[in-house]
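Trainee: Quick one, what's the 3D model for this:
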Amino acid sequence: MLDGYIARKYDKISEFGKIIDPLADKVAILVIILQLYRHDYIVPLYFWTVILRDLLIFTGGIIVSQIIKKVLPSNLLGKITAFSIGLYLLLVIIGLEITLLYKIVFYISLLLCYLSLIGYAVRAYESIKWYKRNEAV
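Mentor: Numbers count the residues shown, from 1 in each chain. Got it, this is the predicted structure:
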């Protein structure tokens with residue numbers, strides 16, 4: 001979040017940054033979540049939900065970028081979802097698995113994963129539709 005804020009504040013946003021920043025974030029989450037899963041700290045449902053969501057969003061982003069000739073930046077729902085994933089992983093790492101807060105963040109984070117995936121799919125569809133309609137003009 002900090003690197004995105006700094007890039008916007010100093011007007012240092014680039015097409016390369018729009019690609020590499022979320023990719024770096026996804027790789028970091030992948031490494032953390034993989035280690036937690038391997039050591040049985042997180043359940044398979046959570047592991048696969050996050051992994052498949054990120055894989056689908058990343059792959060879809062590449063496809064959409066090829067079609068519309070630009071990179072779609074992340075949206076607010078995606079940022080909130082990433083924050084909820086980070087918060088959940090932090091709660092796991094510091095050992096708060098038996099608390100009510102842990103359960104609440106777990107379910108909210110899962111729900112946000114599904115909602116953000118749907119949101120990205122709708123946004124991709126709308127962007128492609130808009131691009132094709134305006135490309136013909």
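Trainee: and Tyr46, what does it touch?
Mentor: For Tyr46, the contacting residues are 33, 88, 106, 109-110, by C-beta atoms under 8 Å, 6 or more residues apart in numbering. All C-beta atoms are positioned from the backbone trio N, CA, C, and that covers glycine.
Trainee: Which of these fall within helices?
Mentor: Secondary structure from DSSP state H places 33, 88, 106, 109-110 of those in helices.
Trainee: May I see the ChimeraX selection of the buried members of the residues you listed?
Mentor: Only the buried entries of those go into this ChimeraX selection, using 16 or more other C-beta atoms under 10 Å:
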select :33,88,106,109,110
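Trainee: Tell me the one of the ones in helices among the contacts of Tyr46 nearest Leu77?
Mentor: Ser109 (12.7 Å; C-beta to C-beta).
Trainee: I'd assumed Ile85 was in contact with that closest one.
Mentor: Yes. Using C-beta atoms under 8 Å, Ser109 is in contact with Ile85, at 5.6 Å.
Trainee: quick one: Ala124 and Asp11, what's the gap?
Mentor: Distance of Ala124 to Asp11, computed by C-beta to C-beta, to the nearest Å: 26 Å.
Trainee: Ok, Leu52 next?
Mentor: Distance from Leu52 to Asp11, counting by C-beta to C-beta: 35 Å.
Trainee: which of those two has more neighbours?
Mentor: A direct count of neighbours by other C-beta atoms under 10 Å for Leu52 and Asp11 places Leu52 higher, at 12 against 6.
Trainee: on contacts alone, who are the packing partners of the host helix or strand of Glu126?
Mentor: Element membership of Glu126 [criterion: DSSP states H and E] is helix 100-135. Using 3 or more C-beta pairs under 8 Å, 6 or more residues apart in numbering; DSSP states H and E, the elements in contact with helix 100-135 are helix 44-68, helix 76-93.
Trainee: tell me the angle of the last one relative to helix 44-68?
Mentor: Angle of helix 76-93 versus helix 44-68, following axes from the mean of the first three to the mean of the last three C-alpha atoms, to 10 degrees, is 150 degrees.
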